[in-house]
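Colleague: Below is the structure, and that's it, no one-letter string:
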């Protein structure tokens, strides 16, 4: 593998030397956010909220003279300081006259402005009032169809060996369908339907077709009733201690992005079958006061069980959304959940203060398995959380935080600060203290763990802009876990730190280098292998990503990553990955391709990598073992039609083929997903029809 990696580097240098300054390269840090999210949750995300927002905004741009801080968060590319600086600039100097004024906003460098330009516009602040006839008749409709399949049959699709053996009851295709109607930023409605690979379709338990259906309706307007959502929607409050269902990232080289930013209520359009509400939500506003209220009832898939008195209980939520086997189907929609909540927020000059509350009632009682680490886990049929959140800005200092309390009286807190020392140097700090007995459900705060529980820590970050395209990001995070955790049978502590450099000397080339060092405890044994004890493996990661614009149409990309783990056992684990990718884009078509070579000693040294995929699809394959993976993708306009009455139809198609080879193995995967052989292939197709 090492000679192959050297060959990849050689080819990249050749292409790099031939690059000419044409257009800006893409943002590399966004991919790191997705990879960190997949590694943190050990799962591929299904929330395509960011891609949906940017695609919507590419057609219906945000008017910078009318947006608030929550709406700016839909860009998914501004840190909290940049958002606050823009709001302060507009409040002080009035509406923008030209888009070029963005260069005068503190913290908005040329790269930031270049990134947001396709999604924003400067015009007179127009009223949100419009004729209802226009909203319903002059919008844009889209129908998206996506299908994918692994071509090799896994064990789950083979005839069962015995009558009691588990198997997948449906076909191997994964199918996704979504219809959306969109009128500017005022009216949005549609539906989503999905079937996972292995789930039946129009037969057996799925006689109504797809396994998952979702409907959303969302309307904005002026006046007291600012917005209303019907069907499926997501709710975000505070800093995520008690309620956050939107997209949220954690630690990365973007060290200033430590504050949760998002609209309080937004329509839910993704394929995930968990982490949303189903019912009604409204947003009310009068002057500086704003309130968001929601009411929801939905059926959830849970792992059902019986307690000691033979009563129906459940031990956990089934978040995967899979209903492929008889046992998975038996747990489908077998518990009801009532949810209600809201907040009240006051926005003053330079500060905000809000009160938030959520309440849940389950039709079954939650009773976790009797494990020492689950001693303080949520139990019972109900949960109530309340919190207070705030933000305050003074000159170059921005403070924010949230303090929460659950029904048992356990307190949790997050306190953060952002400081702009000058135009080149910025600092970030965040302290969190969340007891092991603090309970929350749909929460997602800035923590080391995937859920805000059983953690105390302090994060500090530094960003320095040296000029001439050189940017330094660094952070240090130290945390402790006061109680036991899964696979950690004692109170413990850990730390990690990162240094990242980005260098873009010209518009045609950009390179980033990241070094991360982390130490987190796991169960192990003493040196003699006789007594169990905690071990503290040190994981080091080196990553280099280089992207060069060869011409207006051709972009070339190289990545190399090395992983080294020491301290977990007597031997040292290594892993590395090298990849080459290119994109050739014309106005109405594009081609993407890439190849990755990888070798890791085990799953612990695995490497996640963001891979270009179909529009709205998220591909974050995990590489471990030894092998080679490649992909090719095509996108093109299949047709454009205009009608006499002014209507238009636009049809676009996508195709992606990917394949992985694992020399020296007899099978790939495990359980019902095990494939006999040393290669795995996948085909994806997608069509989208737009009309207005």
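Modeller: Happy to help now that I have it. This one's a predicted model, so the numbers in the text were calculated from it and none came from an experiment.

Colleague: mind listing the helices for the stretch 101-250 of the chain?
Modeller: Here the stretch 101-250 of the chain has its helices, by DSSP state H, counting those that start in this stretch, at 110-116, 132-137.

Colleague: To residue 635, which of those helices lies closest?
Modeller: Among those, helix 110-116 comes nearest to residue 635, with 21.4 Å by Cβ to Cβ. Where you see a C-beta, it was placed from the backbone N, CA and C, and this is true even at glycine.

Colleague: List the buried residues of stretch 307-316.
Modeller: Of the residues in stretch 307-316, 313-314 count as buried by neighbour count, 16 or more other Cβ atoms under 10 Å.

Colleague: gap between the two ends of it?
Modeller: The straight-line separation of the ends of stretch 307-316 (Cα to Cα, to the nearest Å) is 14 Å.

Colleague: on that earlier part again, tell me which of the helices of the stretch 101-250 of the chain is the most buried.
Modeller: Among the helices of the stretch 101-250 of the chain, ranked by average contacts under mean count of other Cβ atoms under 10 Å, first place goes to helix 110-116 (a mean of 16).

Colleague: weakest of the helices of the stretch 101-250 of the chain in terms of mean pLDDT?
Modeller: Between those, the lowest average pLDDT goes to helix 132-137, which shows a mean of 77.

Colleague: Distance from the chain centre to it, please.
Modeller: The chain centroid and the centroid of helix 132-137 are separated by 33 Å under Cα atoms, centre = their mean, to the nearest Å.

Colleague: which secondary structure elements does it contact?
Modeller: Packing partners of helix 132-137 (3 or more Cβ pairs under 8 Å, 6 or more residues apart in numbering; DSSP states H and E): strand 173-183.

Colleague: Quick one: mean pLDDT for the strand it packs on?
Modeller: Averaged across strand 173-183, the pLDDT comes to 95.

Colleague: Strand partners (parallel or antiparallel) of it?
Modeller: Taking DSSP bridges as the criterion, strand 173-183 forms sheet pairs with strand 140-150 (antiparallel), strand 187-195 (antiparallel).

Colleague: Tabulate the ones you listed in TSV, adding columns for mean neighbour count, distance to residue 378 and mean pLDDT.
Modeller: Formatted as TSV, those follow (neighbours: other Cβ atoms under 10 Å; distance: least, Cβ to Cβ, whole Å; pLDDT from 0 to 100):
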stretch	mean neighbour count	distance to residue 378	mean pLDDT
strand 140-150	18	36	96
strand 187-195	20	28	96
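
Colleague: Redo the helices of the stretch 101-250 of the chain as TSV? Include distance to residue 653.
Modeller: Below are these laid out as TSV (distance: least, Cβ to Cβ, whole Å):
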stretch	distance to residue 653
helix 110-116	27
helix 132-137	28
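
Colleague: For residue 500, which of the ones you listed is the nearest?
Modeller: helix 110-116 (15.0 Å).

Colleague: Could you give the number of residues near the nearest residue to residue 193 once chain neighbours are set aside?
Modeller: Nearest in space to residue 193, with sequence neighbours left out and distances taken as Cβ to Cβ, 6 or more residues apart in numbering, is residue 210 at 4.0 Å. Using other Cβ atoms under 10 Å, residue 210 is surrounded by 18 other residues.

Colleague: Let's see the pLDDT reported for residue 210.
Modeller: On the pLDDT scale, residue 210 gets 94.

Colleague: Can you give me the separation between it and residue 45?
Modeller: With the distance defined as Cβ to Cβ, to the nearest Å, residue 210 ends up 21 Å from residue 45.

Colleague: And residue 538, by the same measure?
Modeller: Residue 538 sits 27 Å away from residue 45 when distances are taken as Cβ to Cβ.

Colleague: just residue 322 next, same as before
Modeller: Counting by Cβ to Cβ, the separation of residue 322 from residue 45 is 16 Å.

Colleague: Of the two, which one has the most company?
Modeller: Using other Cβ under 10 Å, the more surrounded residue of residue 322 and residue 45 is residue 322, with 19 against 16.

Colleague: what's near enough to touch the more buried one?
Modeller: 196, 198-199, 328 (Cβ atoms under 8 Å, 6 or more residues apart in numbering).

Colleague: Go again with 10 Å.
Modeller: Each residue near residue 322 by Cβ atoms under 10 Å, 6 or more residues apart in numbering is listed here: 168, 196-199, 211, 273, 301, 328-329, 331-332.

Colleague: And the strand or helix carrying residue 364, what's buried?
Modeller: Using DSSP states H and E, residue 364 sits in strand 351-366. Residues 352, 354-358, 360, 362-364, 366 are the ones in strand 351-366 that count as buried (16+ other Cβ under 10 Å).

Colleague: Kindly reformat those as a markdown table containing distance to residue 280 and pLDDT.
Modeller: Below are the buried residues of strand 351-366 laid out as a markdown table (distance: Cβ to Cβ, whole Å; pLDDT from 0 to 100):
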| residue | distance to residue 280 | pLDDT |
| --- | --- | --- |
| 352 | 25 | 94 |
| 354 | 21 | 97 |
| 355 | 21 | 98 |
| 356 | 18 | 98 |
| 357 | 17 | 98 |
| 358 | 15 | 98 |
| 360 | 16 | 98 |
| 362 | 20 | 96 |
| 363 | 20 | 95 |
| 364 | 24 | 94 |
| 366 | 25 | 94 |
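
Colleague: tell me the two of those residues that are most distant?
Modeller: Using Cβ to Cβ, the buried residues of strand 351-366 span at most 38.2 Å, a distance reached by 352 and 364.

Colleague: Can you tell me the closest non-neighbouring residue to residue 317?
Modeller: Among residues not flanking residue 317 along the chain, residue 302 sits closest, at 5.5 Å (Cβ to Cβ, 6+ apart).

Colleague: wouldn't that neighbour be in contact with residue 368 here?
Modeller: No: look at residue 302 against residue 368 with Cβ atoms under 10 Å: they stay out of range, at 11.9 Å.

Colleague: what is in contact with these two at once?
Modeller: Among the neighbours of residue 302, those also in contact with residue 368 (Cβ under 10 Å, 6+ apart) are 313-316.

Colleague: Next step: those restricted to strands.
Modeller: 313-316 (DSSP state E).

Colleague: Looking at those residues, spot the one nearest residue 243.
Modeller: Here the nearest of those to residue 243, counting by Cβ to Cβ, is residue 316; it sits at 19.7 Å.

Colleague: Can you check the pLDDT for the closest residue to the closest one other than its chain neighbours?
Modeller: Among residues not flanking residue 316 along the chain, residue 303 sits closest, at 5.0 Å (Cβ to Cβ, 6+ apart). Residue 303 is assigned 91 on the pLDDT scale.

Colleague: Make TSV from the contacts of residue 322 and add distance to residue 117 and neighbour count to it.
Modeller: Shown next, in TSV, are those (distance: Cβ to Cβ, whole Å; neighbours: other Cβ atoms under 10 Å):
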residue	distance to residue 117	neighbour count
168	47	24
196	38	21
197	39	20
198	43	24
199	42	27
211	40	24
273	36	23
301	43	23
328	46	20
329	49	20
331	48	17
332	46	18
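
Colleague: And the residues you listed, which two are furthest apart?
Modeller: Farthest-apart pair in the contacts of residue 322 is 197 and 331; separation 18.4 Å (Cβ to Cβ).

Colleague: returning to what we had before: the residue nearest to residue 193 against residue 194, yeah?
Modeller: Yes: with contact defined as Cβ under 10 Å, residue 210 counts as touching residue 194 (6.0 Å).

Colleague: what ranges do the helices span in this structure?
Modeller: Applying DSSP state H to the chain gives helices spanning 2-17, 29-41, 49-59, 69-72, 80-93, 110-116, 132-137, 326-330.

Colleague: Phi and psi next, for residue 167.
Modeller: Dihedral angles of residue 167 (phi, psi; degrees, to the nearest 10) stand at phi -160, psi 160.
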